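Visitor: Can you look at this prediction? I've put the sequence above it.
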Amino acid sequence: MNKPLVSVVITTKNSSRTIEKCLKSVKNQSYKSIELIVVDNNSTDNTKEIAKKYADDVINKGPERSAQRNFGVKKSRGHYVLVHDSDIYFNPNSIKECVEVCEKGGCDAVILPEKSIGNGFWTKVKAFERSFYVGNDYIEAARFFKKEVFLKVGGYDEDLYAGEDWDLTNRLRDGDYKIGRSKSLLEHDEGRLNFFGSSKKKRYYSKNFFEVYAKKNPKYFKKQMSFFVRFPPKKILQKAFVHPILFLSMMLMKSVEYLGTKKS
């Protein structure tokens with residue numbers, strides 16, 4: 001019995017540090033019926049040269065990742081599409097699990113949970129923060145879709161370059177599409193974060209997030225910005241007791257990020 005084709009769309013921009021490991025993790029999947037597409041946004045490093053060694057197609061497209069993703073999906077041939085970033089390393093069974101969730105569980109889309117990896121103390125703090133989000137439907141977004149469903153709901157909103165994953169997942173939920181979950185964690189390579197680097201990244205995305213995403217998704221925005229939705233009291237008690245320094249450092253980091261968004 002032929003297995004349905006899965007098109008993996010990876011977006012890049014000057015991604016030479018992580019792209020090879022990312023693409024190798026796609027090629028090393030236990031599920032073999034895969035098409036690999038890289039959509040690059042005018043990289044000035046050797047991202048494209050590396051991508052051409054692994055991808056079935058390397059496309060140049062901008063100006064932001066939402067447009068890149070939509071373009072990649074439209075060019076794809078798969079029954080399913082998996083859309084992600086170039087700093088993600090997939091578990092060997094990631095795609096197999098997603099297909100099974102859809103084929104056996106009747107789902108239209110799948111959330112792939114992540115953990116952060118990298119070097120340095122503040123990267124460890126970011127990994128601690130991300131550990132709170134696993135299993136949280138308001139924070140984790142779908143990344144694997146039936147292509148026909150993805151296209152039917154309109155794909156990613158190209159006016160968004162922050163919160164676009166949440167926006168698409170919100171529309172799937174509001175359309176009564178069924179969203180499942182895979183079990184294996186992806187690795188999100190944060191590199192070496194520094195304290196102010198995290199808040200600088202937040203400032204870049206915050207204007208688009210607060211001015212465009214929030215107005216379009218007021219119901220979800222309120223929940224997603226709630227401290228106790230993001231950090232449930234039960235998890236705080238469990239994790240803060242075991243890792244008090246990481247918890248206090250996370251609170252400091254989130255406070256600086258929040259103040260930074262208010263200045264943008």
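Guide: Structure's in. What do you need? Numbering: from 1, shown residues only.
Visitor: For L151, list the residues it contacts.
Guide: L151 is in contact with 73-74, counting by CB atoms under 8 Å, 6 or more residues apart in numbering. Glycine gets a C-beta too; all of them are placed from N, C-alpha and C.
Visitor: Can you name the residues in contact with stretch 211-226?
Guide: Contact partners of stretch 211-226, identified using CB under 8 Å, 6+ apart, comprise 138-139, 157, 159-160, 162-164, 166-167, 170, 229-230.
Visitor: any idea which of those residues is least confident?
Guide: When it comes to pLDDT, A162 is the least confident member of the contacts of stretch 211-226, at 91.
Visitor: if I look at that residue, how far off is E211?
Guide: Here A162 is placed at a distance of 10 Å from E211 (CB to CB, to the nearest Å).
Visitor: Run through the helices of the protein in chain order.
Guide: Residue ranges of the helices in the chain, as given by DSSP state H, are 19-27, 47-52, 65-75, 94-105, 121-131, 147-152, 164-174, 195-208, 214-216, 218-224, 227-230, 233-242, 244-263.
Visitor: CSV please, covering the contacts of stretch 211-226 and showing neighbour count.
Guide: As requested, those are exported to CSV (neighbours: other CB atoms under 10 Å):
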residue, neighbour count
Y138, 16
I139, 16
D157, 18
D159, 14
L160, 22
A162, 21
G163, 23
E164, 24
W166, 21
D167, 22
N170, 21
V229, 14
R230, 17
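Visitor: Looking at the residues you listed, spot the one nearest V125.
Guide: Taking CB to CB as the measure, V125 sits nearest to R230 out of the contacts of stretch 211-226, at 14.9 Å.
Visitor: residues touching that closest one, list them.
Guide: Contacts for R230 (CB under 8 Å, 6+ apart) come out as 132-133, 136, 138-139, 224.
Visitor: Under the pLDDT cut-off, which ranges of this structure? List them.
Guide: Scanning the chain with the threshold set as pLDDT under 70 gives 1, 196-203, 260-264.
Visitor: list the contacts for the residue positioned nearest the centre of it?
Guide: In the chain, the centroid-proximal residue (CA atoms, centre = their mean) is H84; its distance is 5.7 Å. Neighbour list for H84: 8-11, 112, 143, 186 [criterion: CB under 8 Å, 6+ apart].
Visitor: Closest one of the residues you listed to K126?
Guide: Compare each of these with K126 using CB to CB and the shortest gap goes to L186, at 14.7 Å.
Visitor: ok, and the closest non-adjacent residue to D85?
Guide: Distances taken as CB to CB, 6 or more residues apart in numbering put T11 closest to D85, at 6.1 Å, once the chain neighbours are dropped.
Visitor: how many other residues sit next to that neighbour?
Guide: Summarising burial for T11: neighbours were counted as other CB atoms under 10 Å, giving 23.
Visitor: ok, what's across the strand from it?
Guide: V39, D85 (DSSP bridges).
Visitor: and E114, what does it touch?
Guide: So, once contact is read as CB under 8 Å, 6+ apart, E114 ends up touching 88, 130, 134, 140, 185-188.
Visitor: Repeat the analysis, applying 10 Å as the threshold.
Guide: 84, 88-89, 127, 130-131, 133-134, 140, 143, 185-188 (CB atoms under 10 Å, 6 or more residues apart in numbering).
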